[in-house]
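Chemist: Please find the sequence and the predicted model below.
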Amino acid sequence: MLEMSARKVKGIKEKLADEVRFIRSWAENPLTTGAVSPSGPDLTRRMASFLEVDRPGKILEIGPGTGVVTRAILERGVAPARVIALEYNESFCQLLRRRYPDMDVVSGDAYRLRETLAHVEPRSLASIVSSMPLFSRPKEERRALLMQAFELMPAGAPFIQFSYALVPPIAPDPDVFSIQRSGWILKNLPPARVWVYRAHA
């Protein structure tokens with residue numbers, strides 16, 4: 001009982017520390033952090049539910065922040081060594097390396113995805129999940145990010161992105177890719193939904 005209580009207290013302290021880190025990062029650079037607090041558990045689980053964990057290859061997480069979506073990915077049974085985490089904020093990178101020493105944590109710019117992940121073979125990833133604040137960038141840059149992501153996955157593999165907006169974060173192009181969207185995750189603050197993009201063969 002005491003051991004369980006100690007773990008619970010540790011978990012609460014860790015969550016509060018993550019909230020403080022997130023707020024500090026947002027205050028310093030709101031365009032790269034994009035939110036004042038990490039995503040809630042209902043949203044992170046919904047994002048992770050779209051991962052194709054049985055598809056061969058590693059899973060790329062873009063913009064993991066303090067690792068709330070990372071935790072949901074691992075809860076799907078994905079080994080940390082199978083995850084590549086691409087994060088722009090170096091302090092978040094250091095935090096992730098401490099928490100998940102077997103995970104490949106890469107510090108770099110997701111909008112230069114192919115250059116940043118030059119060590120990743122084309123068409124080799126099973127899924128990509130992104131928490132990037134896409135609406136902070138022009139629509140051309142958002143589309144360019146998606147096109148680079150598609151080069152790293154086989155046709156049909158999912159690019160998973162959440163947003164708080166009514167419209168998709170990357171404009172539809174039915175000739176090139178399909179879009180699937182979830183319902184609103186109302187327990188998240190603010191409410192959000194998940195968009196899944198898949199390139200046509």
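Modeler: On my side now, so go ahead.
Chemist: Give the next helix or strand downstream of the worst-scoring helix or strand of the chain on mean pLDDT.
Modeler: Every helix and strand in the chain was compared by mean pLDDT, DSSP states H and E; the lowest is helix 30-33, with a mean of 47. Using DSSP states H and E, the helix or strand that follows helix 30-33 towards the C-terminus is helix 41-49.
Chemist: Just the buried residues of that next one, please?
Modeler: For helix 41-49, burial by neighbour count (16 or more other Cβ atoms under 10 Å) applies to Leu43, Thr44, Arg45, Arg46, Met47, Ala48. Bear in mind the C-beta positions are built from the backbone N, C-alpha and C, glycine included.
Chemist: Which of the residues you listed sits closest to Ala110?
Modeler: Nearest to Ala110 among those, counting by Cβ to Cβ, is Met47 at 16.1 Å.
Chemist: which residues in this structure form helices?
Modeler: Per DSSP state H, the chain carries helices over the ranges 2-28, 30-33, 41-49, 68-75, 90-99, 113-116, 139-151.
Chemist: ok, of those, where does mean pLDDT dip lowest?
Modeler: Between the helices of the chain, the one with the least mean pLDDT is helix 30-33; it has a mean of 47.
Chemist: Need the contact partners of stretch 178-195.
Modeler: 37, 39-40, 42-43, 46-47, 50, 160-164, 168-170, 172, 196-198, 200 (Cβ atoms under 8 Å, 6 or more residues apart in numbering).
Chemist: switch to 7 Å and redo it
Modeler: 39-40, 42-43, 46-47, 50, 160-164, 168-169, 172, 196-198 (Cβ atoms under 7 Å, 6 or more residues apart in numbering).
Chemist: Give me the most central residue, the protein.
Modeler: For the chain, Ser130 is the residue whose C-alpha lies nearest the centre (Cα atoms, centre = their mean; 3.2 Å).
Chemist: can you put the buried residues of helix 41-49 in JSON lines and add distance to Val176?
Modeler: Formatted as JSON lines, the buried residues of helix 41-49 follow (distance: Cβ to Cβ, whole Å):
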{"residue": "Leu43", "distance to Val176": "27"}
{"residue": "Thr44", "distance to Val176": "28"}
{"residue": "Arg45", "distance to Val176": "29"}
{"residue": "Arg46", "distance to Val176": "25"}
{"residue": "Met47", "distance to Val176": "23"}
{"residue": "Ala48", "distance to Val176": "25"}
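Chemist: Done for today, thanks.
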